[in-house]
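Chemist: Here's a sequence, model it:
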Amino acid sequence: MPTDPAPGAPLTDAALVAALRDDLSAAGYGVAGVEEVLGAVAADALHREEPVPALRATAAASEHPVAALVRTFLLGSTTPRRTLERALPTLTVAGAERLGLVEADGDQVRARVDLRPYTAVDGGGEVDWWIASDLGELATGSALRTDHVLGVGGASTTLAQVTVRDERDHVLDLGTGCGIQALHASRHARRVVGTDISRRALAFARFNAALAGLDGSRIELREGSMLEPVAAERFDLVVSNPPFVITPRTPGMPSYEYRDGGRAGDAIVRELVEGVGSVLAPGGVAQLLGNWEVRRGEQWHERVGSWLDASGLDGWVVQRELQDPAQYAETWIRDGGTTPDRDRAAWALRYGQWLDDFASRDVEGIGFGIVTLRKPLGAPTLRRLEEVTGTVRQPLGPAIAASLAAHDWLAMDDDELAGQRLVVAPDVTEERYLTPGSADPQVVLLRQGGGFGRAVQAGTALAGFVGVCDGELTVGQIVNALGALLEVGADAVAADVLPSARGLVRDGLLLPAD
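Modeler: Okay, the predicted model is just below:
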């Protein structure tokens with residue numbers, strides 16, 4: 001039976017959605033198909049939210065089904081009915097109207113939703129979907145509605161790529177939005193629950209799940225705030241792209257459901273970090289994105305570290321970016337559709353409100369990063385807070401999963417470690433920097449090609465140790481040999497090398513041979 005949609009959201013009618021899926025597939029309306037029709041220049045411009053090259057490219061190929069779909073659902077242009085009929089021959093324009101995807105005015109048809117192809121890349125192989133969401137500012141030319149349902153943005157892509165993807169029984173997507181994280185989770189979980197405070201978001205998520213060929217037995221959607229809809233359940237994996245934007249709670253300031261959690265400052269991220277353990281099964285993992293305030297006189301890791309301590313969980317936080325209050329205000333005022341060119345007075349008012357709000361709490365910076373939590377079987381053993389601002393190799397999920405496993409593997413003393421054999425990871429290279437005419441290098445770097453792309457400076461003993469790690473000799477045998485070679489003794493080499501070797505194993509530059 002068709003579901004009754006929330007206002008402005010699409011209807012989920014199984015037969016009509018199946019017809020739409022067949023038409024989009026037959027038309028070649030995928031990421032590659034769109035880029036082929038647009039060309040590289042127009043496709044790149046569209047990624048930057050500049051539609052003019054794409055409008056020109058699709059006008060020149062207006063009878064092509066993909067061009068018609070791009071003009072309608074990505075660019076917000078009106079399309080002749082007969083042209084869209086050719087792109088949707090099974091569904092028909094009438095069927096698209098019934099689903100709430102378009103509205104017709106005589107011979108002209110205009111989209112009511114954004115509908116775009118998406119290729120999932122998350123460490124589990126690629127798959128193609130189509131994702132419906134509210135039309136953005138590029139298509140409407142106006143500010144977003146406060147109950148706007150966001151499509152696949154940079155934050156949601158980041159979360160999808162950093163999530164661990166081993167097989168899970170029961171997964172929670174908290175704050176599901178258009179449902180993209182739930183779709184990813186459905187690929188490696190028996191059952192997925194998606195929650196959101198927005199009925200409109202849940203309607204879009206339901207439609208997108210059906211368009212991907214998934215029924216309600218694989219993805220269950222529930223309305224409610226934060227952990228309330230699942231308080232009595234336990235999950236093996238929780239993923240969340242929560243409404244973490246720090247927005248002033250002042251009169252007249254718009255509050256957008258998809259990004260503003262209704263709390264002052266960074267309270268919503270703190271609440272989630274400290275409380276998510278209540279719905280995690282033993283050994284279960286939670287991964288989320290977040291913002292946090294850096295206040296005068298403190299380091300970012302002190303504030304976030306206190307949340308980890310209160311959670312009682314294993315925790316690993318990676319800060320990826322730090323903005324000052326002015327940069328942050330500009331980013332999110334523009335995100336809501338207010339610009340100085342469009343409305344100088346509103347821009348200045350909101351800019352001032354944001355700066356006043358941060359000043360009231362002595363905020364000097366706002367961090368953005370990735371939080372990975374795990375419910376330990378006993379006392380927490382992992383507490384890691386680090387800043388990684390350089391380029392990383394996505395998807396990071398496999399690297400994060402491997403690091404968690406390595407942390408557990410390293411739960412041994414040095415005597416036991418001495419009996420292990422290690423090998424250098426295949427993506428690791430060694431760089432040596434010498435002063436001209438010098439026989440020995442002044443700097444040796446071990447550089448990781450994948451994952452977090454770490455570069456570790458190695459002294460003579462560590463460089464020699466890593467160079468011999470081919471799985472043949474044990475750690476203890478290598479340490480003893482280096483002690484004799486360097487004439488400093490095995491104990492001195494062990495004290496120098498083993499802590500660094502543990503770090504290299506933890507970060508994936510060295511791997512257990514067995």
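Chemist: From Phe368, how far off is the most centrally placed residue in the chain?
Modeler: Using CA atoms, centre = their mean, the residue of the chain that lies closest to the mean C-alpha position is Leu159, 1.7 Å off. Distance, Leu159 to Phe368, using CB to CB, to the nearest Å: 12 Å. C-betas here are computed from N, CA, C, even on glycine.
Chemist: so what secondary structure elements neighbour the helix or strand hosting Leu272?
Modeler: Here Leu272 sits within helix 267-275, counting by DSSP states H and E. Using 3 or more CB pairs under 8 Å, 6 or more residues apart in numbering; DSSP states H and E as the contact test, the elements touching helix 267-275 are strand 280-295, helix 300-311, strand 363-374.
Chemist: Direction included, what does the longest one pair up with?
Modeler: Pairing partners of strand 280-295, with direction, according to DSSP bridges: strand 235-240 (parallel), strand 363-374 (antiparallel).
Chemist: Now do it and helix 267-275, the angle between them.
Modeler: For strand 280-295 against helix 267-275, the angle by axes from the mean of the first three to the mean of the last three CA atoms, to 10 degrees is 140 degrees.
Chemist: Which of the residues in stretch 125-145 are classified as buried?
Modeler: 128-137, 139, 143-145 (16 or more other CB atoms under 10 Å).
Chemist: re the thing from before, in this structure the residue nearest to the centre of the chain contacts Gly177, no?
Modeler: No - counting by CB atoms under 8 Å, Leu159 does not reach Gly177; the two are 10.7 Å apart.
Chemist: Need the overlap of contacts for the two.
Modeler: Asn241 (CB atoms under 8 Å, 6 or more residues apart in numbering).
Chemist: State the mean pLDDT of the helix holding Leu272.
Modeler: Average pLDDT, helix 267-275: 97.
Chemist: quick one: least confident helix or strand in the chain?
Modeler: Ranked by mean pLDDT, DSSP states H and E, the weakest helix or strand in the chain is helix 137-140, scoring a mean of 84.
Chemist: Show the end-to-end separation of stretch 64-75, please.
Modeler: Taking CA to CA, to the nearest Å, the first and last residues of stretch 64-75 lie 15 Å apart.
Chemist: average pLDDT across it?
Modeler: Stretch 64-75 comes out at a mean pLDDT of 96.
Chemist: residues in contact with it?
Modeler: So stretch 64-75 is contacted by 24, 27-29, 33-34, 36-38, 46, 51, 54-55, 57-59, 61-62, 77, 79, 83-84, 86-87, 101-102, 109-111, 113-116, 138-139 (CB under 8 Å, 6+ apart).
Chemist: List the buried residues for that stretch?
Modeler: 64-75.
Chemist: of these, closest to Val93?
Modeler: Checking the buried residues of stretch 64-75 against Val93 with CB to CB, the nearest one is Thr72 at 10.2 Å.
Chemist: my guess is Ala14 contacts Leu211, does it?
Modeler: No - with contact defined as CB under 8 Å, Ala14 does not reach Leu211; the gap is 10.5 Å.
Chemist: So for these two, which sits in the more crowded spot?
Modeler: Leu211 (23 against 12; other CB atoms under 10 Å).
Chemist: Output the below-cut-off pLDDT ranges for the stretch 1-150 of the chain.
Modeler: Scanning the stretch 1-150 of the chain for pLDDT under 70 picks out 1-5, 123.
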